[in-house]
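Asks: from the sequence below, what's the structure:
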Amino acid sequence: MSEESIHPAVRKRHWAKLLAFSLLIAVCLMLANQAGLWLAGHMLAGNPLPPSGLVVVGPAEHDFGEHHQEEHLTHVFTLVNKTLAPLKIVEVSTSCGCLVAKKNEEPIAPGASVDLPIRFSTGAAQETASGTVQVGYRKVSDLAASDRPEYVILRVRAAVTPDYRMSPAEVDFGEINGLALEQATRIISVLPAKMPNVEINEVHCSGDFLMARILQKTTDDPAVRIQVSFDGSRLTHSQSINGSVIFSTNSKRVPKAMVYVQGRYDAPVQIEPKAIVIESSERGEAERELRVATSQSSRIRSVQRASDKGVRIEGDNQLVAREHVLRAFVAPCQEKALDCEVKVEVELFTDKKESIIRTLKVPFYRFSQKGERK
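Replies: This is a model prediction of the structure:
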C-alpha cells in the first residue's frame, strides 16, 4: 500500500503517535541527564550515595563502655533490606569465641528489618575487648549461586578494668644464638589493678625447653614477678620457640592466666634423625646412620648410651670437621622392646679459640617381634 493511498485521518494519527513517542524519549533523556548531573554534584560535594543491600540501622560498631573481666554483655543490631528484592541471611560468623550472634533464617522482604542479637564476653582481656560479626546475605532468587555473598560487618568493643595486669602480655626471646648461650631469661610482672593485693599460687610452662619460677616479693613493690627461662640444651635443631607460661592467682574472675612465649633458637649443633625407631617387622641387627652438623669446626668428644647394651655406636675417631657421621647398630629384640637414649657430646671450636661443649640426646626405640614396646 502506497503512502498516497492511506486515508489522511489515519496518517495524521500515525504522525501524532510518532511525535508523542519522540517527546517521551526526549523527556526521559532530559530526566536522566538531570539525575546524572545531580548525582555527580552530590558526589563532588562529598555526600555518600544512598545505602543499598542489607544495611545496619544506626552505628555498625557498638561500644559497651567500661566493664570488668569475665562480664557477659548483650546487644541487638537491626538490619534493613534496602533493595527491591527479598534477601536471606546465609552466613553469620564471629572473630572469636567470646562473641556469639544468632542467625535469622527467615527471608527479609524489601523495606523490612530484622534483629540480630549478640552476646559478648570481656573474658580475660587486660585493656580492651573487641570482636567482629560478619553477616553474609543473598537475594532469595540467588541462593543456589556459588559466588561469594554480600557482607555486612558489625563490631563491638568494651574497655576492661582487669583484676591485675601482666607486663609484658607476650614474652619474645628474639633470636637466641645457641653458640653464645644455652639459656636466656625474661621477667613477667603481675601488677594489681582492680584487686589491691594479687597473689600467684603456682606457675608452670608448656614445653620442656621453658622453666618458670615465682621471685621473692619485696615490701615496697606491689608487683609479683615471674622469671621465665629458656633452656636450649635439649634442642637438637634450629627451630621456632612457641610455648606458654600459665599461673594461678587469687582472683575469682580470672583465677588462671596465660602468657605466650615465642622466639627463634639457632642451634650450633644439629643431628639427623632426631630419633631412631625400628619396627618389629625388621629382623636381625639393624644399622642406622646419625649425621651431626655444626656451625663451627668440631669433634665428637664422646658417645654415651644408657645401660641397655642393645645399641652400639661407631664414630669418626674424633676427627675435627663440621660434619660427622656415626653408625648405630641395634640388636634384635625377641621379647622385650628397646627404649633407651644415646648422648652425643660435641666439642666446638670458636673463632676466639675457645672450646664449647654441647650434648645431643637421641632416643632409640625398637619394638619386640611381638610388636609391643615396653
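
Asks: can you classify the nearest residue to V344 once chain neighbours are set aside by secondary structure?
Replies: In this structure, V344 finds its nearest non-sequential neighbour in L360, 4.5 Å apart by C-beta to C-beta, 6 or more residues apart in numbering. Every residue, glycine included, has its C-beta placed from N, CA and C. Using DSSP: H, G, I helix; E, B strand; the rest coil, the secondary structure recorded for L360 is strand.

Asks: quick one: L360 from L179, how far?
Replies: Between L360 and L179 the computed distance is 14 Å (C-beta to C-beta, to the nearest Å).

Asks: these two: which has the busier surroundings?
Replies: L360 (22 against 16; other C-beta atoms under 10 Å).

Asks: contact partners for that one?
Replies: Listed by C-beta atoms under 8 Å, 6 or more residues apart in numbering, the contact set of L360 reads 236, 269, 271, 292, 343-346.

Asks: doesn't I226 belong to a strand?
Replies: Yes. Membership of I226 in a strand is supported by three-state DSSP.

Asks: which residues does it contact?
Replies: Counted by C-beta under 8 Å, 6+ apart, I226 has contacts 187-188, 190, 200, 203, 212-215, 245, 247.

Asks: check which helix or strand covers the residue lying closest to it once chain neighbours are set aside.
Replies: Computed as C-beta to C-beta, 6+ apart, the closest residue to I226 that is not its neighbour in sequence is I188, at 4.4 Å. Element membership of I188 [criterion: DSSP states H and E] is strand 183-192.

Asks: which parts of that strand are buried?
Replies: Residues 184, 186, 188-190, 192 are the ones in strand 183-192 that count as buried (16 or more other C-beta atoms under 10 Å).

Asks: cool, stretch 355-364 as well?
Replies: For stretch 355-364, by 16+ other C-beta under 10 Å, it's 356, 358-362, 364.

Asks: quick one: which of those is nearest G131?
Replies: K361 (44.6 Å; C-beta to C-beta).

Asks: I'd assumed R234 was in contact with the closest one.
Replies: Yes. Here K361 reaches R234: they are 6.3 Å apart, a contact under C-beta atoms under 8 Å.

Asks: quick one: least confident helix or strand in this structure?
Replies: helix 8-44 (a mean of 61; mean pLDDT, DSSP states H and E).

Asks: quick revisit: dump the contacts of I226 into JSON lines; add pLDDT, distance to Y260 and secondary structure as well.
Replies: Listed next are those as JSON lines, based on pLDDT from 0 to 100; distance: C-beta to C-beta, whole Å; DSSP: H, G, I helix; E, B strand; the rest coil:
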{"residue": "I187", "pLDDT": "96", "distance to Y260": "16", "secondary structure": "strand"}
{"residue": "I188", "pLDDT": "96", "distance to Y260": "11", "secondary structure": "strand"}
{"residue": "V190", "pLDDT": "94", "distance to Y260": "15", "secondary structure": "strand"}
{"residue": "I200", "pLDDT": "93", "distance to Y260": "18", "secondary structure": "strand"}
{"residue": "V203", "pLDDT": "95", "distance to Y260": "15", "secondary structure": "strand"}
{"residue": "A212", "pLDDT": "95", "distance to Y260": "13", "secondary structure": "strand"}
{"residue": "R213", "pLDDT": "94", "distance to Y260": "18", "secondary structure": "strand"}
{"residue": "I214", "pLDDT": "95", "distance to Y260": "19", "secondary structure": "strand"}
{"residue": "L215", "pLDDT": "94", "distance to Y260": "20", "secondary structure": "coil"}
{"residue": "V245", "pLDDT": "95", "distance to Y260": "8", "secondary structure": "strand"}
{"residue": "F247", "pLDDT": "94", "distance to Y260": "13", "secondary structure": "strand"}
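
Asks: still on that earlier bit, among the contacts of L360, which lie within strands?
Replies: Among the contacts of L360, the members falling in strands (DSSP state E) are 269, 271, 292, 343-346.

Asks: coming back round to it: quick one: which of the contacts of L360 is most hemmed in?
Replies: Busiest of those [other C-beta under 10 Å] is V269, holding 26 neighbours.

Asks: that one and A293 touch, don't they?
Replies: Yes. Between V269 and A293 there is a contact under C-beta under 8 Å: 7.5 Å.

Asks: could you pull up the contacting residues of T218?
Replies: Counting by C-beta under 8 Å, 6+ apart, T218 has no contacts.
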